[in-house]
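Peer 1: got a predicted model here, sequence first, then my questions.
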Amino acid sequence: MINPIGTLLGAERHNKRMFTMFYDALAISFSLYAAFALRMDTLYPPIGAQEIASFAVTTVVTLLIFIRFGLYRAVLRYILVPALGNIFFAVFASAVVLALSSFILQSFLPRSVPFIYAGVAILSLGGPRILIRTIYYHLMKRKKPNVLIYGAGSTGRDLAFALQQGSDYHPVAFIDDDLAKKSNIMLGLKVYSYDDFDKLKGLYKPVKLLLAINNIDGNKRLTLVDKLAELPIKVQSVPSMEDLATGKASIEQVRDLDIAELLGREQVAPIGSLLSRCISDKSVMVTGAGGSIGSELCRQILKQKPHTLVLFELNEYNLYQIERELCQLKATVSPDTQIIAALGSVQRQNRLEKMMSAFNVETIYHAAAYKHVPIVEQNIVEGIRNNVFGTWYCAEAAVKCGVKDFVLISTDKAVRPTNVMGASKRLSELVLQALSDRESNTNFTMVRFGNVLGSSGSVVPLFREQIQAGGPVTVTHPNITRYFMLIPEAAELVIQAGALGNSGQVFVLDMGDPVKILDLAKRMINLMGYKERISPEDSLGSDYFDDEDIEIQFTGLRAGEKLYEELLIGDNVSGTEHPKILTALELKLHWDEIEPLLKELDVYCHDFEFHKIIQLLTLSPLGYTPEKSVKDLLHDGNLSRSAFHNTESETSRNNTN
């Protein structure tokens with residue numbers, strides 16, 4: 001059976017326009033005849049040659065007016081109120097043309113006919129367009145999954161309007177906390193309260209809830225997300241107002257809730273003077289420029305309009321990616337900045353010196369490091385070489401080339417480390433502090449913070465991937481907690497901390513309260529429309545739920561992993577002019593103490609003497625205490641904590657003798 005509406009909508013655009021014009025010509029002619037017939041109260045009104053000529057002129061001019069108003073460019077299935085308004089004005093102009101043509105041609109035209117004609121024409125021209133739009137909307141509505149929109153303000157209305165025109169989702173109702181809006185109808189959708197969710201879910205069976213509120217502060221939004229996490233439905237959000245304003249996204253491009261909303265923290269606005277102090281009109285180098293932290297540092301640095309930005313990176317692909325991105329970005333934020341893409345290793349001091357001197361580098365952000373705890377635990381020598389000696393060589397090159405400011409990106413894992421990565425970063429801090437006492441021309445500062453969300457190896461994209469795959473979601477331990485921060489926030493604070501310090505200072509970023517990883521996993525599962533079920537076999541005594549969707553499995557702590565991370569070694573901490581940046585006074589070593597340690601460590605790394613490397617790290621004032629046996633990939637046996645203690649006892653006896 002032929003579907004005339006489907007045939008019309010499926011025709012080629014040119015054919016549809018010709019068909020529409022042909023119909024409009026017939027509708028105008030019929031409206032002219034009907035106006036006369038209604039006025040004369042007869043099916044056979046007195047219409048002669050002059051009247052037919054007037055009708056022909058009116059029809060042709062009306063079609064030209066329709067073309068001028070763009071009515072044949074409007075897609076019938078998407079025709080909206082503005083298009084109907086154009087029809088109204090075009091018909092009004094057509095009635096005027098009818099009156100003028102009748103006057104000029106001296107045709108018979110009762111004074112009421114133009115008004116009758118206008119009314120009939122609006123019905124005959126606008127009616128079918130509305131009918132086609134309505135039929136198409138109801139046909140498409142059946143194919144689109146239902147969604148609820150949380151927020152009946154301007155953003156919610158814009159979203160509902162966009163979805164009604166699109167083919168992805170069918171909005172069925174608004175939910176809003178403003179009781180004054182309850183029961184109102186907007187764009188054909190009724191506004192309900194939060195308490196009506198169960199009724200709406202049973203009535204419409206929506207597949208997701210779209211959060212369309214962009215005009216509230218961060219704390220209120222986080223509270224709202226917490227409340228929505230309790231609902232048994234997937235929650236997504238519209239793009240931010242910034243992305244909408246800049247054209248990066250459109251209102252109908254719904255997305256998963258961003259990392260800040262999952263984390264439950266609000267970013268603090270930066271202090272502009274601190275961001276620009278060590279960067280504006282200066283030559284700046286970023287080591288590890290292609291990594292998660294390094295690349296974000298580069299983006300933030302470019303916004304402060306440096307004279308030159310040197311990207312120093314070992315990985316060729318990562319360097320290519322960040323250079324290409326920054327070259328596109330600089331056109332809008334800093335067109336005069338020279339961007340230099342330099343391949344190289346921080347373990348080659350000569351290469352570093354050549355780059356620093358060639359481009360007169362004044363500020364260095366040292367982000368190059370191996371950070372993945374289990375990987376470094378199995379590749380001890382490379383971890384030490386890159387993290388400790390790479391930092392030392394880069395710092396020595398900076399001193400030799402007259403660099404004014406050197407900022408080390410450190411980690412909370414450097415505090416009482418239980419893994420080689422943390423021990424290497426703590427030793428890197430001590431090296432820079434010792435150099436700060438030895439050298440006075442370069443300002444060495446260290447910035448210590450916890451995990452950044454969205455970085456390589458971040459838990460959030462891993463959890464999201466596991467949830468989308470149907471589970472299980474893997475958590476190492478039910479009680480494991482971590483400090484978290486967003487990459488842009490961390491990069492901004494690193495830059496500001498580097499502008500605050502006196503040489504040798506350790507800065508600690510206030511990362512708020514630690515986050516329980518299990519709670520983060522549950523939050524993500526709930527907001528993605530599922531419920532959690534904790535595996536009883538691996539739950540380590542935790543409670544678990546029955547009849548839920550996504551399983552959470554506990555896999556056990558990995559090598560070198562701690563249950564709780566810390567940011568401070570002691571309690572000697574004070575504030576700075578930035579509310580999120582603290583400074584810590586901690587144990588330091590003099591250069592004549594640290595230099596022999598480095599030379600001894602260099603020998604052990606060269607000879608791949610893993611026992612002696614671990615022994616030296618353990619006996620050094622790093623606070624390093626391995627919690628599990630350490631086994632390098634090239635190591636032929638495990639080195640247990642008891643072996644460390646036996647070695648330490650033997651060393652003490654030898655020193656006593």
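Peer 2: Alright, I've got the coordinates.

Peer 1: and the chain, what are its domains?
Peer 2: Using automatic domain parsing, the domain parsing of the chain gives 4-141, 144-257, 272-450+483-510+569-584.

Peer 1: determine which stretch of those is the most buried.
Peer 2: A comparison of those by mean neighbour count, using mean count of other C-beta atoms under 10 Å, puts domain 272-450+483-510+569-584 on top with a mean of 21. For glycine as for every other residue, the C-beta is placed from the backbone atoms N, C-alpha and C.

Peer 1: distance-wise, check residue 451 relative to residue 460.
Peer 2: 10 Å (C-beta to C-beta, to the nearest Å).

Peer 1: same question for residue 591.
Peer 2: The value you get for residue 591 to residue 460, if C-beta to C-beta is used, is 41 Å.

Peer 1: of those two, who's got more company?
Peer 2: residue 460 (20 against 15; other C-beta atoms under 10 Å).

Peer 1: quick one: the one helix or strand the more buried one maps to to chain centroid distance?
Peer 2: If you go by DSSP states H and E, residue 460 is part of helix 459-468. Helix 459-468 sits 15 Å away from the centroid of its parent chain (C-alpha atoms, centre = their mean, to the nearest Å).

Peer 1: cool, stretch 105-118 as well?
Peer 2: Centroid separation for stretch 105-118 versus its chain: 63 Å, with C-alpha atoms, centre = their mean.

Peer 1: equivalent analysis for stretch 274-288, please.
Peer 2: 25 Å.

Peer 1: and the strands in the stretch 251-400 of the chain?
Peer 2: With DSSP state E, counting those that start in this stretch, the ranges of strands along the stretch 251-400 of the chain come out as 255-256, 283-287, 308-313, 338-343, 363-366.

Peer 1: mean pLDDT lowest for which of those strands?
Peer 2: Mean pLDDT values for these show the minimum at strand 255-256, a mean of 72.

Peer 1: where does pLDDT dip in the stretch 351-500 of the chain?
Peer 2: By pLDDT under 70, the weakly predicted segments of the stretch 351-500 of the chain are 453-458.

Peer 1: so where do the helices sit in it?
Peer 2: In the stretch 351-500 of the chain, the helices defined using DSSP state H, counting those that start in this stretch lie at 373-378, 380-384, 390-400, 420-438, 459-468, 487-500.

Peer 1: ok, which of those comes nearest residue 128?
Peer 2: Proximity to residue 128 (C-beta to C-beta) singles out helix 459-468 among these, at 44.8 Å.

Peer 1: for that closest one, list the C-alpha coordinates in CSV.
Peer 2: As requested, the backbone C-alpha atoms of helix 459-468 are provided in CSV (Å, rounded to 0.1, in the frame of the first residue of the first chain):
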residue,chain,number,x,y,z
VAL,A,459,40.2,5.3,36.8
VAL,A,460,37.2,7.2,35.5
PRO,A,461,37.5,6.3,31.8
LEU,A,462,38.4,2.7,32.8
PHE,A,463,35.2,2.5,34.9
ARG,A,464,33.1,4.0,32.1
GLU,A,465,34.5,1.5,29.6
GLN,A,466,33.8,-1.4,32.0
ILE,A,467,30.3,-0.2,32.7
GLN,A,468,29.5,0.2,29.0
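
Peer 1: who are the packing partners of that helix?
Peer 2: strand 451-453, strand 473-475, helix 517-527 (3 or more C-beta pairs under 8 Å, 6 or more residues apart in numbering; DSSP states H and E).

Peer 1: just those: most buried one?
Peer 2: strand 451-453 (a mean of 23).

Peer 1: want to try CSV for the strands of the stretch 251-400 of the chain, with distance to residue 202 as columns?
Peer 2: Converted to CSV, these look like this (distance: least, C-beta to C-beta, whole Å):
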stretch, distance to residue 202
strand 255-256, 25
strand 283-287, 55
strand 308-313, 55
strand 338-343, 57
strand 363-366, 55
